[in-house]
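# Generate a structure from the sequence data that follows.
(2 chains)
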Amino acid sequence: MAALLTLAWVYLRIGLIFVGGGYVLIPLMNHIMVEQYHWLTLRQFLDGVALSQLTPGPLAILATFTGVRVGGFLGGLVATVFIFLPCVTLMLLIGRNYHRLKNIDTIKKTLDGLLPAVVGMVAAAAWSLGAASLSGVKEFVVLGVGFAIFKWTKVSPMVVILGAGLVGLLIN
Amino acid sequence: MRACPPFCLPLRLVRCYNFPMDESAKRVSLTEIFLTFTKIGLTGFGGGMAIVALVERVCVREKQWITAEEFLHGLAFGQILGPFSLNVCTFTGHHLRGIRGGILAATGFIMPSFLLVSLLSWLYFTYHKLPQLQAALEGTNPVVIGLIMVVAIDMGKKQIRNANGAIMALAAFVAAVFLKLNAAWILLAAAGWSLAVTIYKRESV
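Sure thing, here's the model as predicted:
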């Protein structure tokens, strides 16, 4: 029980800091998990990061990994709930006030005006992911086929992603 | 819509009359919200913007649950508040059905990853080995990049309407890719820029 409370408290704090920006997450978690509480060795921590990146969830799902280590399934659940509690609460608060704020003309115009920057950052994500993972002709062919399917057909993107994963498993 | 016997028609009219401002006509069930985001959480390999692109395809294009502008506003807020993939799910769920909708969307999205990581961590701590799942991800990566590109192009066509917008999009792209600036800073700078343009336009009218 004490272990679960510690987990809840530690992850709630990480969740609060996390709100500032996701980039601090890895060094911060490394410091707390490995150096401060000795829940993980450095090797385990790095393996946990690799494992978290296998899933669709955000990197903070690393909390589940440490939680399982400290307190089994229940530990994983507590760590996961508490690390995401602050950002979900804040997003709900923003959602509640969003429509009222949008009625103020200056805010509405400012929000609409910054949307091109958001689009630029979506494009940047495609670029960065491409620079990190596109290496051969095969990948570019798959990219081209995927692009064409998403652009000109109505096939569900979820089906296409799963299909590509299966093909990847079979080929490699 | 299902055909209904004539006697329930007055009932439906009364309902419409009672809630003219409410969007209850196309009110989405909490179950559908939960299941939709669970599906996204099950298939959105690639994380981050891959999730955003998926949510855009499913919730903006396919189901028309939220307009493109509202969705992008949510993404802008979400990027300032950390894990934006989760945040856009919470925002969209809240937009549909308030707090319960937001919580169900967030839970549905996280649950598959949570269960998967729980299982894999348990295996890891028991057998001290990482599962060989990298191969599957190598197959999905190029496809996911294609998806994000298509979504970025579609968004750009709609949102970038003049030279100012084009310059802002390019500046944000360069700041993120080459200067590696934090998303929150880029957005705050864009907000300042946009506010200045808004005020300038008002003064000059």
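# Skip the chain neighbours and tell me the closest residue to the residue of chain B found nearest chain A.
In chain B, no residue comes nearer to chain A than residue B:139, which is 1.8 Å away by Cβ to the nearest Cβ. Yep, even glycine has a C-beta here, placed from its N, CA and C like the rest. Using Cβ to Cβ, 6 or more residues apart in numbering or on different chains and skipping the chain neighbours, the partner closest in space to residue B:139 is residue A:168 (1.8 Å).
# The helix or strand harbouring residue B:192 and chain A, any residue contact?
Take DSSP states H and E as the rule and residue B:192 turns out to sit in helix B:183-204. Yes: Helix B:183-204 reaches chain A (Cβ under 8 Å from any Cβ of the partner chain) through B:183-184, B:186-187, B:189-191, B:193-195, B:197-199.
# What segments of the chain are helices?
Just going to use chain A. A:2-18, A:25-29, A:42-52, A:62-102, A:105-113, A:115-133, A:137-152, A:157-171 (DSSP state H).
# Please refer instead to chain B.
B:9-18, B:30-43, B:49-55, B:68-80, B:84-127, B:134-159, B:163-177, B:183-204.
# for the last one, packing partners?
Read that as helix B:183-204. In terms of contacts (3 or more Cβ pairs under 8 Å, 6 or more residues apart in numbering or on different chains; DSSP states H and E), helix B:183-204 is packed against helix A:105-113, helix A:115-133, helix B:68-80, helix B:163-177.
# quick one: buried residues of that helix?
B:183, B:184, B:186, B:187, B:189, B:190, B:191, B:193, B:194, B:195, B:197, B:198 (16 or more other Cβ atoms under 10 Å in any protein chain shown).
# What confidence value was assigned to the residue sitting furthest away from the middle of chain A?
What lies farthest from the middle of chain A is residue A:105; by Cα atoms, centre = their mean that is 33.0 Å. Predicted confidence (pLDDT) for residue A:105: 90.
# now do residue A:169
At residue A:169, pLDDT is 79.
# Now the spatially most central residue of chain A: phi and psi?
Of all residues in chain A, the one closest to the mean position by Cα atoms, centre = their mean is residue A:58, 1.6 Å from it. Here the main-chain torsion angles of residue A:58 (degrees, to the nearest 10) amount to phi -70, psi 170.
# so what's the nearest residue to it once chain neighbours are set aside up against?
Spatial nearest neighbour of residue A:58, chain neighbours left out: residue B:83 (3.7 Å); criterion: Cβ to Cβ, 6+ apart. Residues in contact with residue B:83 (Cβ atoms under 8 Å, 6 or more residues apart in numbering or on different chains) are A:18, A:22, A:58, A:59, A:60, A:84, A:87.
# The first one contacts residue A:82, doesn't it?
No: taking Cβ atoms under 8 Å as the definition, residue A:18 is not a contact partner of residue A:82, at 11.1 Å.
# More neighbours: those two, which one.
residue A:18 (26 against 21; other Cβ atoms under 10 Å in any protein chain shown).
# Can you name the residues that contact the more buried one?
Applying Cβ under 8 Å, 6+ apart, the residues contacting residue A:18 are A:24, A:25, A:60, A:83, A:86, A:87, B:82, B:83.
# you'd agree the fourth one is up against residue A:14?
Yes: with contact defined as Cβ under 8 Å, residue A:83 and residue A:14 form a contacting pair (5.7 Å).
# any residues in contact with both of those two?
A:60, A:63.
# Low-confidence ranges, the chain, go.
By default, I'm working from chain A. Applying pLDDT under 70 to chain A flags residues A:20-23, A:172.
# wrong chain, I was asking about chain B
When residues are selected by pLDDT under 70, those of chain B lie in B:1-25.
# Can you give me the domain boundaries for it?
For chain B, automatic domain parsing gives the domain ranges B:25-134, B:160-205.
# in terms of contact, does residue A:108 touch residue A:99 like I think?
No: judged on Cβ under 8 Å, residue A:108 makes no contact with residue A:99 at a distance of 10.5 Å.
# Residue A:134 versus residue B:72, what's the distance?
Distance from residue B:72 to residue A:134, counting by Cβ to Cβ, to the nearest Å: 26 Å.
# got a list of what residue A:144 touches?
Counted by Cβ under 8 Å, 6+ apart, residue A:144 has contacts residue B:146.
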